[in-house]
Each structure stands twice: as C-alpha cells, then as structure tokens.
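[1] Any chance you can model this:
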Amino acid sequence: MKLFLRILAVALLVVLAAVTALYFYLSDERLKELILPRVNESLGTEVSVERIGFSLVRTFPDIGLVLEQFTLDTPGGDPFLRFDELMVSANLVQLLSGEVQVNRLEIAGAQVDFEIQPDGSTTIDFLTAATDTTTAAPADTTAPMQLNIDEILVSGAHIRYTDRQTRTRAELRDLNLTMAVQLAARIETELDATLGGLSLQLDGVRYLDDLALSLQQTSSLDLEGETLQISRGVFSIRGLGLNVEGELAGWSQEVMQLDLAFTSGSDDFGALLDLVPEAFAQYTDGIESRGALTLNATVQGGLGGEVIPDFNVDLQVEDGFLKHPDAAEPVEEVFINLLANNERVDVSDLRLQVAGNTLNMQGWINAPLSANPRYNFDADARFDLATIREFYPIDEDTLMIRGMFTFDGSASGNLERPEDARISGALNLTDGFIRHRDIARPIENIRIRSTLTASEIRFADLGLTSGDNTFEGSGTVTNYMRGTPQLNMRFRAGVNLDEIDDYYSLEAFMMELGGRAEADLALRGPVDNFDAVRFQGGVRLTDTHVRADSLLPEPIRAMNGNLTFSDQDVRLQGFRMMMGASNFSLDGSLNRWRNLMEEPGTVEPAFLTATYRSRNLNMDELIDWEEETESEPLIIELPNLETRLTASVDTLTMMGIEITQIRGRAESDTRSIRMPEASAQVYDGSVSGNLRWDVTRPDYFDIQFIGDVDNLRAEAFFNDFQMTGTGKLHEYLSGGFSASTDYKAGMNAMMEQDTPTILAGGSFGVSRGRLRNHPIQNAAADLLGNNELRDLSLDTFDAQYAIEDGIMTLTDLNITSRDIGMVMNGTQNLLEDRLDYALRLRLPERYDAQLGRLLTPQVVEALKAEEGIVVLPLALVGSSENPRLTIDRDEVQRIAAEYLRQQGVDSVEDAARRLIRGFQRN
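    Sure, this is the predicted structure:
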C-alpha cells in the first residue's frame, strides 16, 4: 500500500511538473504568436486580443482557454464583434485522446454590430470573401464526431442590426442565456434565455421599444433531416407565458412544415397587460387583476410563398377583474370568448362592467387572411354620467352630473376598406343634468336622440333647459368619417336676458340686461369652409333693455325687432328702441353682405337699403361734447358697399341746436356719399338741397352742396357755422338769412377746408334784418361823423357772390335802411383776408352838413342823384376785422368833372382848381 501511495505521489508530481512546464511554455505572448497570425490570415483582417491564456483554477479539473478583450473590426475599421471574455473549458484527458468534450463555453459582454448598406454590402462581406478563397477540405467519410457542451453561458450580450435599404433597426439588449448542447447525429439542446429589451423600428416607425422576452426550451435538431422537435418550450413576453411544443421541418424547402401547439393557463388574466410596451408601462403599474385566462392555439401545415398553415386559437377570459390604484371603481365581470382559425374569427362574447356601466359586444370576421375579409359586429353600452365621479375626482358640491348615455349599434364591411363600413346604431342621452357651484341655475333636461350610419349622424332631437332658457336642435352630419363633414342642422334657442348674469358675470362691464331673445338658425355645408356654408335664421328681441354705464351714455329700453339673415342677405324689421329721450325706428336689408369684407373693385359691392325714423333724437344725451373737444383726424375708407337710405327725424338736438322736420335720402358707393334730397327746419327757417362727399383719399375729401336756405336766424346761423369770409358776422347781423348756393371745396382729415380749392357761386340775402357795429359800418360812421350809421334796420340786404382760386367776389351787395342805402362790389382774398371793395353809399339830404366837412358844396352837389340823394363813392381795403374805408377820390373826380361839363364850364383849369380845393378839405 505504501508502495502504491509512493507511485501515485510521484505520478502527481510528474503531472504537476508537466502542467507547470506547459503553463510557462505557452505564455500569453507565445500563444498570440501561435494563434493570431493564422486567425488573421483566415479572416482576411486583424483581430485584437488583449490576453490569451490558460485557466486551471476556474475550470479544474478541466483546462480552459481564455481570450480577454477580443475585438474583430471590418477592414474599414467599423466595429463588428467584441467581447470582454471568452472561455472554453475541455476535459484534458479526453482532449489528448482525440475526443472533443467541451464542458463549458462562457462569453461575457459580447457586442455585435451588423449593418446592410444602401448598396447591399454588409458588415461580414470580408468574412465571406475570406471563406471563398480558402481551399475546400476533402470530405470526411468517417463517422460523425460527437461534441458535447455541458454548459454554454452568455451574459450581458448586446446585438445591433441595421438595414439601411429598408430603414430597419433592431436592438437586443442584455441577452443572457444558459444552454447545454449534445452535438452528434442530432443536436440536443436545453436553453434558458432572457432578453432585457427588444427594440424594433421599421421604415422609420417604432413598433417595439425595449420589450422584455424570455425562452425556456428543450429541443432536438436533425440538420440532415431538417427537423426540429420541441418537446418543452415556454415563451414569455414580459409576464405572459406560452407553453410551446411541436415540430418544424423542411426549412430549406420552398414550403416549411409546422406542427406546433401553444397553451397558456392562468388565474390572472391581467397577464395580458404585460404585453403593454415599456413606454406605457407606467400606466399599468400597480393594477390589481384576477380572473381565469385560457389560451390554446395550434399551427399546422406548410408555410412559405403564398402557403399559410392552418391555425386555431381559443381565448377564454372568465370573471376578469382590473383595478388601477388611482381609480375608485374596478373593471369587473370581464368575459371574453374568442375562437379564430383561417376561415373565421368569432367573438361570441365580450362584456365588462364598470361602476354599473356595461359594454357588450359580439361579432365575426370571415376569411381574415384573404384579400376580402368581411366582418360584422354588434355592440351595446350603457353609461350613467353620475358615475364619472368614480373615475375622476369631482366634488359633488362643486359639480354634479347625471344622465343615462346609451349606444346600441352594429358595423359590417370589409376590413381592407374601413371607410366603406356599413354602420347603424342609436346614440341617446336622457335626463341629462349638470350643475356647477359657480352657476346659479343648473342645466337640465339634456337630451340627445340620434341614429348613425357610416356616412351620417342624424339628430332627431337635441335639447336642454336652464331656468327660462331653452335650446333645441335637429338635423344631420354627413361624411363625418372621411374628408370634410357636411352639416345640415337647425338650432332654436330662447334666452331670458335677465338670467345672463347667472351664467356669466357682467360685473366687469357694469352691464345689466333684460328682456327676451329668441333665435332660429339653419346651417348647411362643410364645417371647414365658411364661405361654402349656406345658412339662414333669425333673432327676435322682445322688450329688451341694456344698461351699461361704462359703455352707453343712456340705458337702452323697450328694444324690439326681428333680425333675419342668410348666407346672402340680412334683414331688420320693426326694430324699435329708446335711449334716454331719443327713440329709434329702423327697417332695412343688406344684400350680398359677404362682399362687404372684400376689397372694392374685386367683387360686386354689398347693397344696403334702410329706412330710419325718429320722433326725437337728442345727440347731446348720447355724446359728451366736452370729451370730444380734442380733435382727431377723420380717416375714411369706404367699404365695398352701396347704400340707399331714407331718413325722417322730427326733432334732432345737437350741441344745443334744435333741428326739426329732417327728411332726406342718402346714397353711397365705394367712392362717394350723396344726399340728393334733404331738407330740415332749423334756426326758424329751412334748409334743402343736395350734398355730395367724394373720398379722394382716406385723409382728404371733396364736398359739394347745391341748395337753398330760407329765412334762418342769421345771428344764430353765423355763430354756429362761421364760414370762410364771414368772420364774426353773427355779432353784427340779425334777421332772416336766405341763400341759394353751389359750393365745392376740398377738406382734410381735420375737417378744415382747403381754401384754394373752394369753387362756389350763388346769392344771399337778409330780410327783417338789423346791422349793428360792423367794422365797415363803424368806419363809415367815423368817416361821416354820424352815429346813425352804427345801428341800421335793414329793408334790403342781398347780393350775388362767387369764390374761385381763394378769391370771393361780391356783386351788387345791396343794403337799404329807410332812406339810406349802399351798393358794394369787389373782392376779398380769403387766403390773406385782404379786402378790395368799391362802395356806393346813398345818403339823404340831411347828411349834407356832414358831407360838407369832407367835400366842397360843389362836389356834394355833383354827387347828388335824383331827389337830392348823395351817392358817395367809397373804397374799402384792409381786413375783415380791421377794414379801412376812404372816399374813392378818383371816382369822385370823375363824377365832379362830368357834373362840371354838364354845367357848361368852359375853363378846364378853373374846374381843376375847384376839385383840388374840394379834396383838400377831405
């Protein structure tokens, strides 16, 4: 025995010495020199290995070959294969005897990148090229070698696949597997693998995102016979496991044969939720579930080309239950009964219940794999709106909702053409009720009664009430599933304006509404094209009143009227209202109203006809003139509109001026405003005529007035309308002013006349007038030294006038006051206010004494006309506020010379001396 132990010890020492010698002989550098050149030559590129060595401790009693930090890149330097460590352990004794028994193969941290470029080249083309250049070895006719691998371990592998031709990307993250292989005539494997995440993107669209998978499988593979028998298999997608068994055969043939069976049984049908992608897992985390799940499926037959195997699927769920942690009520009483095969899919039962709300569905799909799959499904649902608070946190003190919503319908058609589906059903809501704490009155009696098809929703009745307010509707919506929905609807509403503040606070506007409004509207046309919509309707106002101190100067009351409208016309009938002391009555229509918004000249103008009537219109109540004292430019851009208006106002009060019996017509187009017939009583007289306002530019206008004024109180008229050239005439002249005129002028945005553009002509006069202290009048009194001229009652005051190029010409201004008279002719430069008038002052004989201070008796005598009236020529120059009146010496000399000739004076020299002496006295 001692001898045996000695021999064994010696043998062990010899083996240990041999192994030690082998370990030191086959060092890392020597192994690299032996192995890497051959590998590089075989692959056609260089590989990189940080370390190659043997392992005895980790693999004892086997010997292990270890490669660390292995890198295989393409000849172009792109990454292909990398791993942190590869270890192969084999039985040393069997290896020396020629039998390969790999007991263990470990790969850690593998990284594989495979790409297909747009031109079809791939990452591994260099490997296939190297293989093609290698001389084929002679066929081995000996018995097949047996290779058994007790354990293959892969940990932390990462595989990336990119196909740039089809824009496909796939990524396998954190692949871990344990596998045993017996390689002989048949390859027997036992596999247990997990995949941390599978991501898949096809044609730029992401279909899978980090989907976790696992597989447990026992199989036998016959490569020569092309059969794979799976005796045990469990395939898990997240938490859903499928038992798989069966056989695959003939995969190199055009049609591969399948005979597989899948089964899954669970008392928690919520395992189906594990199929939810990781991106949405947050919404399913924490869901409580239970219920029986049964899934059985078979696949039998050929697969390849256009051949599809026969399949049968049986899915059953009984008494399913789902409860989300954030939901107050679960989804319960879930039942599913589904049978599917190549010919038909039957859903004989699909129902569930949530807080008393139910959904039931059943139906079928015929020939689901054909090019013409037909389907038919029926469904009914009941939903109590009061249960919304069970799913959404609603405080009943804040919001209360109730009502029964029901749907009962069916759908059938071709799965390939869903837009052609035949749909029919009824969608109803009864006893609807909504109350919010911020709304004083609830919305109740909400009702919807409708039917639908694939192309049309027909509302037989829509309605609700709230307080004394009502809403009703009916009609159809067609083409709602494709293209542009088409409306054909009618709505009716009645609103008690006193209750508006119950729904929307008007406090910010300091507004108060009252009365009744009723509306009726019909719509027909596409929902996305207002111009193509045809509509008509109306609004009736009854005893409406509006009070808004911040917006309206006076409350509106007793407002009544009918407004009817369509997509073409608007008509207002019987509109009446009061505002302060003013009353308004308006009737009219607007045709082609859409064109009002268009650019003038591009389409036919809109056309407005209207009649306005008012017994009393007090603008002083409606406008605070003190706030309007600061002038702002008036910019006028006439719209694309033509108008024909008639107006009748019995009394208009504006800025304290009372105008009565206003009657007239008005017309307008895109360039001008015209009043061809207008008349009014004002200043105890009347005005009538035609007014035209041409808008040359938005900030410049041309106006023309052709008309007459008759017997206006001159002092009031000229005070309110201080026209060019009149100065302060209202301070001096009183009486009945009359005129006939044709007046044209340009006017800027500040409503100031452009004096050089004035072109006017006509006549004017004053009856029963009085002239006091006019500057010209006072100048004449000062000249003659007679105060009688400062205050004259007028028997006659009339003249002809013309204005052109800024010059006003007066012709035969004739003024008489008992036995005193005056005729004036001449011009006034309106731009410079410069006077140039010639006067003929007619004075009775009682003025001879005053004239004697200015003229010699001979000259006075020469100036006398019939009945002893002296006609004194005067010249008026200066300005309207500072006139200078002098005797017209040239005219006096001419008249005196003529007088002397008539007296037969022979000596011209004597006559000249007399005249000179006479004028020297002036």
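
[2] Can you give me the buried ones in the helix or strand encompassing residue 432?
    Here residue 432 sits within strand 422-436, counting by DSSP states H and E. Using 16 or more other C-beta atoms under 10 Å as the test for burial, strand 422-436 gives 423, 425, 427-429, 432-435. For glycine as for every other residue, the C-beta is placed from the backbone atoms N, C-alpha and C.

[3] need the contact list for the residue nearest to residue 234 when sequence neighbours are not counted.
    Leaving aside its chain neighbours, residue 234 sits nearest to residue 216 (4.4 Å; criterion: C-beta to C-beta, 6 or more residues apart in numbering). Going by C-beta atoms under 8 Å, 6 or more residues apart in numbering, residue 216 touches 191-193, 232-234.

[4] who's in contact with residue 410?
    Neighbouring residues of residue 410 by C-beta under 8 Å, 6+ apart: 376-379, 423-425.

[5] Now compare the residues you listed and name the two farthest from each other.
    376 and 425 (13.2 Å; C-beta to C-beta).

[6] now the stretch 101-250 of the chain, which segments are flagged as low pLDDT?
    101-102, 127-148, 183-185, 207, 238-240 (pLDDT under 70).

[7] for the closest residue in space to residue 780 that isn't next to it in sequence, helix, strand, or coil?
    Excluding the flanking residues, the one nearest residue 780 by C-beta to C-beta, 6+ apart is residue 789, at 5.1 Å. What DSSP: H, G, I helix; E, B strand; the rest coil gives for residue 789 is helix.

[8] thought residue 789 was touching residue 777?
    Yes: taking C-beta atoms under 8 Å as the definition, residue 789 is a contact partner of residue 777 at 6.0 Å.

[9] If you count surrounding residues, which of those two has more?
    The neighbour count for residue 789 versus residue 777, taken as other C-beta atoms under 10 Å, is higher for residue 789 (25 against 20).

[10] Tell me where the stretch 801-922 of the chain has strands.
    Here the stretch 801-922 of the chain has its strands, by DSSP state E, counting those that start in this stretch, at 807-817, 820-829, 834-843, 870-878, 883-887.

[11] report the longest strand in the protein, please.
    Longest strand of the chain, by residue count under DSSP state E: strand 753-772.

[12] So which residues of the stretch 201-350 of the chain form strands?
    Per DSSP E, counting those that start in this stretch, the stretch 201-350 of the chain carries strands over the ranges 205-222, 227-237, 240-249, 256-266, 288-303, 310-323, 331-341, 344-354.

[13] Report the buried residues of the last one.
    Of the residues in strand 344-354, 345, 347, 350-354 count as buried by neighbour count, 16+ other C-beta under 10 Å.

[14] would JSON lines of these with pLDDT and distance to residue 48 be doable?
    Below are the buried residues of strand 344-354 laid out as JSON lines (pLDDT from 0 to 100; distance: C-beta to C-beta, whole Å):
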{"residue": "345", "pLDDT": "94", "distance to residue 48": "55"}
{"residue": "347", "pLDDT": "93", "distance to residue 48": "59"}
{"residue": "350", "pLDDT": "93", "distance to residue 48": "59"}
{"residue": "351", "pLDDT": "92", "distance to residue 48": "63"}
{"residue": "352", "pLDDT": "92", "distance to residue 48": "60"}
{"residue": "353", "pLDDT": "93", "distance to residue 48": "65"}
{"residue": "354", "pLDDT": "90", "distance to residue 48": "62"}
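
[15] re the thing from before, just send the buried residues of strand 422-436 back as JSON lines, with pLDDT too.
    Listed next are the buried residues of strand 422-436 as JSON lines, based on pLDDT from 0 to 100:
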{"residue": "423", "pLDDT": "85"}
{"residue": "425", "pLDDT": "91"}
{"residue": "427", "pLDDT": "93"}
{"residue": "428", "pLDDT": "95"}
{"residue": "429", "pLDDT": "94"}
{"residue": "432", "pLDDT": "93"}
{"residue": "433", "pLDDT": "93"}
{"residue": "434", "pLDDT": "91"}
{"residue": "435", "pLDDT": "90"}
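
[16] and of those residues, the nearest to residue 675?
    Of all those, residue 675 sits closest to residue 434, with 54.8 Å by C-beta to C-beta.

[17] Since that was my last question, I'll sign off now.
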